[in-house]
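Visitor: Need a 3D model of the sequence below.
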Amino acid sequence: MTATKKTMTLNLTDVEMSVLDSLCKKKDLNKTSILRQALRLYQTVETRVEKGDKLFFEDEKTKEKAEVLML
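Guide: Here you go, the predicted model:
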């Protein structure tokens, strides 16, 4: 069974649109695909944070870790 799709209008600044366009080119994906991936990632992170997990970025060379705080 396919999910029903809905259309929405999204207002982005020039900078935000430029970032989206750059990601599309870099990943060879369309804007809808990039935004869907971003939503899935955000949802995954949010679910894990709600369970008490923490999200970190680690510098590969120095092994320094920085926690990502979610709003």
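
Visitor: Could I get the full set of helices for the protein?
Guide: 14-27, 31-50 (DSSP state H).

Visitor: buried ones in the longest one?
Guide: Burial within helix 31-50, assessed by neighbour count using 16 or more other CB atoms under 10 Å, is assigned to Ile34. For the C-beta atoms, the positions are set from N, CA and C on the backbone; glycine is no exception.

Visitor: Please enumerate residues in contact with that helix?
Guide: With contact meaning CB atoms under 8 Å, 6 or more residues apart in numbering, helix 31-50 is reached by Leu10, Leu20, Asp21, Leu23, Cys24, Lys27, Leu29, Leu55, Val68, Met70.

Visitor: How far off centre is it?
Guide: Distance of helix 31-50 from the chain centroid (CA atoms, centre = their mean, to the nearest Å) equals 5 Å.

Visitor: Okay, the residue sitting nearest the centre point of the chain and Thr62: tell me how far apart.
Guide: Central residue of the chain (CA atoms, centre = their mean): Ala38, 2.9 Å from the mean position. Separation of Ala38 from Thr62 (CB to CB, to the nearest Å) stands at 28 Å.

Visitor: Ok, Lys51 next?
Guide: Per CB to CB, Lys51 is found 29 Å from Thr62.

Visitor: Same question for Thr13.
Guide: Separation of Thr13 from Thr62 (CB to CB): 34 Å.

Visitor: hey, C-alpha coordinates of stretch 42-51 in PDB?
Guide: C-alpha atoms of stretch 42-51 as PDB (Å, rounded to 0.1, in the frame of the first residue of the first chain):
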ATOM      1  CA  TYR A  42      15.800  14.500  12.600                       C
ATOM      2  CA  GLN A  43      13.100  12.100  13.700                       C
ATOM      3  CA  THR A  44      15.700   9.400  14.500                       C
ATOM      4  CA  VAL A  45      17.800  11.800  16.500                       C
ATOM      5  CA  GLU A  46      14.800  13.200  18.400                       C
ATOM      6  CA  THR A  47      13.600   9.600  19.300                       C
ATOM      7  CA  ARG A  48      17.100   8.700  20.600                       C
ATOM      8  CA  VAL A  49      17.400  11.900  22.600                       C
ATOM      9  CA  GLU A  50      14.000  11.400  24.100                       C
ATOM     10  CA  LYS A  51      15.200   7.900  25.300                       C
END
